[in-house]
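> Model the following, please.
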Amino acid sequence: MDTLQVALWLLILSAFALGFISLIKPIIPGVLLLWVGFFIYHWGINSDSLSWWFWGSAIVWTLFIFISDLLLSRYFVNRFGGSKTAERTAIISVIIGAFVFPPFGILIVPFIAVLVVELLQGVHVQTAMRASIGTIAAIFTSSVVQAFIMIVMIGWFFMDALVI
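The predicted model follows:
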């Protein structure tokens with residue numbers, strides 16, 4: 001393995017690591033960082049070893065992550081009594097929270113933001129608290145689902161790139 005390939009592998013592994021870091025600091029969706037690693041491998045190391053099964057499944061898993069993220073947020077906020085406005089507030093405040101008080105801001109800021117939004121809409125305090133708790137449940141569940149799928153994608157990548 002020459003120096004260029006070592007450097008490219010380090011970039012690939014860095015992209016994968018940043019993908020997992022994005023689960024607690026969601027600036028860029030982590031799955032997109034996995035794709036950066038896949039493309040570096042494909043265009044920089046070996047354009048023949050990743051099968052069309054790999055690429056097709058990676059597309060499906062990526063779409064599943066994005067769809068499940070939205071559906072889990074909607075499900076948990078609604079299940080815990082939150083409004084549509086609380087749902088949107090939760091999504092925006094996760095991103096803001098990542099910058100305000102990393103990494104805990106992705107939990108604290110959405111919790112407080114949803115609580116305030118619900119209270120401003122005249123919702124009872126107990127219901128507003130439940131919606132805030134639903135937001136936290138959605139964030140945790142979404143992160144676990146994303147982490148699992150990202151592990152599957154990386155495992156498949158290494159099997160396709162190095163073993164098969």
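> Please pull out the lowest mean pLDDT helix or strand from this structure.
helix 84-100 (a mean of 83; mean pLDDT, DSSP states H and E).
> The helix ranked longest in the chain: which residues count as buried?
Criterion DSSP state H: the longest helix present in the chain is helix 125-158. Going by neighbour count (16 or more other Cβ atoms under 10 Å), the buried part of helix 125-158 is 128-139, 141-143, 146, 149-150, 153-154, 156-157. Placement of C-beta: from N, CA and C, glycine included.
> Flag the shaky bits of this structure, pLDDT-wise.
26-27, 102-103, 164 (pLDDT under 70).
> still on that earlier bit, tell me the angle the helix or strand that the least confident helix or strand of the chain is followed by makes with helix 84-100.
Scanning forward in sequence from helix 84-100 by DSSP states H and E, the next helix or strand is helix 105-120. Counting by axes from the mean of the first three to the mean of the last three Cα atoms, to 10 degrees, helix 105-120 points 150 degrees away from the direction of helix 84-100.
> What residues sit buried inside helix 105-120?
105, 106, 107, 109, 110, 111, 113, 114, 115, 117, 118, 119.
> Sounds good, over and out.
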